[in-house]
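In: Predicted structure and sequence below. I'll ask about it afterward.
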Amino acid sequence: MKTKIYLFVLILNLFTMNLFAQEQKMSDGEIAAFKQSVNVVSKKIKTLSTDFIQYKHLDFLSKDIETSGKMIFKEPNLLQWQYKKPYNYSIVFKNGKILINDEGKKSAVDIGNSKIFGRINKLIVGSVSGDMFDDKEFSISYFKSKNQNIAKFIPKDVTLKKYIKQIELTFDKEDATVVQVKLLESSEDYTRIVLKNKVINAKIDDSVFTN
């Protein structure tokens, strides 16, 4: 009996240690170094293109909804999300507008007429470039794992909080670029976007950002 209890305690301790090793809070020194490395890299990014896989988790569904495509960014604030599977759908953030192309059906939303859309646009562009460490807009906490750093942003604005409860950005430790974006909604639903096959500072023409 004692042996079984000892084994149980040992397994529990190992499990707890493993969880702790996966994600730890950063020290003040680590936070400063991390923010500096991200800011240095983000300032060098003029263009960025990457493949992505998006997982939409809805609490009432047993399986996440998976879509994939390509994301293209050009400074200062041109951004396109192009979904290719399982359908063709693109969203372009350009000149204060959101341009939508839903398999040929085009529409536009003027961000300038909506503060909430403007803030969401800023969040999305910032999450791609990694440049969004704004203590005035967010309560930010910082964590680390073996190969990644994680920054968690909680909006201070009450209106924005109705749409987005928390944003989690996961950064690769080697190149200090974003590899995953997770948007937690006010409910238990969330969207997780994994970025891969990144190409930085290749030439991208402005015509790419037309729908």
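Out: Looks like it arrived, so ask away.
In: Which residue comes closest to the residue nearest in space to the middle of the chain once chain neighbours are left out?
Out: Central residue of the chain (Cα atoms, centre = their mean): residue 181, 1.9 Å from the mean position. Leaving out its chain neighbours, the residue that sits closest to residue 181 by Cβ to Cβ, 6 or more residues apart in numbering is residue 193, at 4.5 Å. Backbone N, C-alpha and C define where each C-beta goes, glycine included.
In: Specify the beta-bridge partners of the one you found.
Out: Beta-bridge pairing for residue 193 (DSSP bridges): residue 54, residue 181.
In: cool, residue 110 as well?
Out: With DSSP bridges as the rule, residue 110 is bridged to residue 97.
In: What count of nearby residues applies to residue 186?
Out: For residue 186, the neighbour count with other Cβ atoms under 10 Å is 11.
In: still on that earlier bit, which residues does the residue nearest to residue 181 contact?
Out: By Cβ atoms under 8 Å, 6 or more residues apart in numbering, residue 193 lies in contact with 52-55, 180-182.
In: Please enumerate the helices of this protein.
Out: 2-22, 28-44, 115-129, 158-161 (DSSP state H).
In: which residues pair with residue 70 across the strands?
Out: Residue 70 has these beta-bridge partners by DSSP bridges: residue 51, residue 82.
In: Give me the below-cutoff pLDDT ranges for this structure.
Out: Scanning the chain for pLDDT under 70 picks out 1-21, 112-121, 123-124, 127-131.
In: Quickly note the distance from the residue nearest to residue 181 to residue 162.
Out: 21 Å (Cβ to Cβ, to the nearest Å).
In: In contact with residue 40, which residues are there?
Out: Counting by Cβ under 8 Å, 6+ apart, residue 40 has contacts residue 176.
In: start the count at 46, not 1, going forward
Out: With 46 as the first residue, the last one maps to residue 85.
In: Could you report the distance from it to residue 216?
Out: 13 Å.
In: again with residue 202
Out: Taking Cβ to Cβ, one finds residue 202 at 24 Å from residue 216.
In: Neighbour count for these two, which is higher?
Out: residue 216 (21 against 14).
In: Hmm, that one is touching residue 84, no?
Out: No - if you go by Cβ atoms under 8 Å, residue 216 and residue 84 don't touch, sitting 11.8 Å apart.
In: Surely residue 132 and residue 148 touch.
Out: Yes - with contact defined as Cβ under 8 Å, residue 132 reaches residue 148; the gap is 6.6 Å.
In: Mind listing the shared neighbours of these two?
Out: Residues touching both residue 132 and residue 148 (Cβ under 8 Å, 6+ apart): there are none.
In: For the residue lying closest to residue 185 once chain neighbours are set aside, list the residues it contacts.
Out: Counting by Cβ to Cβ, 6+ apart, residue 198 is the residue found nearest to residue 185 once chain neighbours are left out, at 5.5 Å. Residues near residue 198 by Cβ under 8 Å, 6+ apart: 177, 183-185, 211-214.
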